[in-house]
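> Test case, fold it:
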Amino acid sequence: MALPNRKPVSILRRLNILLGKRFYATEQELLVLRPKVLVLDDEDEIASMLDHALSRDGYDVSTVRTISEFQDKQAGEAFDIYIIDLGLPDGNGLSLIQGLSRNPACGVIILSGRAADTDRIVGLEIGADDYIQKPFGMRELVARVR
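Just a heads-up that it's a prediction; the model follows:
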């Protein structure tokens, strides 16, 4: 039984399966339900690809290029997941992540071209939930965000 002006949403698909019920949402409710992702990467092509892939999968994505833009955006909105590059024009992503570890409700994924084991270990030890090395597969990254 479909409700007028309501449609099933991809985010609620998991609830539908788990609970065996059908959930519907209006367009306004959809905006509230979409998990919010903030991407910090200074490479325009990568940021654009992440925006496209994650948006297509039901996420509300914002992209920024510098740490200062990230801090401004973070101060004004609440996010569910941060995807952070380590090599940035205005600082080190590791320092930023260290400060973010005070908010355990928000996931942190490092996306970096650094291949050294020490970078990966340090990133995970200071609070990142995952570390993905560039180049990476977009499907794998979306699966890890889920």
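> check which helix or strand covers the closest residue to S62 other than its chain neighbours.
Spatially, and ignoring its direct neighbours in sequence, S62 is nearest to L38 (5.2 Å; Cβ to Cβ, 6 or more residues apart in numbering). Placement of C-beta: from N, CA and C, glycine included. Following DSSP states H and E, the helix or strand that holds L38 is strand 36-40.
> circling back: any idea how far the residue nearest to S62 is from A47?
11 Å (Cβ to Cβ, to the nearest Å).
> picking that back up, now the residue nearest to S62, which residues is it bridged with?
S62, Y82 (DSSP bridges).
> burial measure for it, as a count.
Using other Cβ atoms under 10 Å, L38 has 22 neighbouring residues.
> follow-up on the earlier one: for the helix or strand that comes right after the strand holding L38, packing partners?
On the C-terminal side of strand 36-40, the nearest following helix or strand under DSSP H and E is helix 44-56. Packing partners of helix 44-56 (3 or more Cβ pairs under 8 Å, 6 or more residues apart in numbering; DSSP states H and E): strand 36-40, strand 60-64, helix 138-145.
> now the last one, how far from the centre of its chain.
It stands for helix 138-145. Distance, stretch centre to chain centre, for helix 138-145: 10 Å (Cα atoms, centre = their mean, to the nearest Å).
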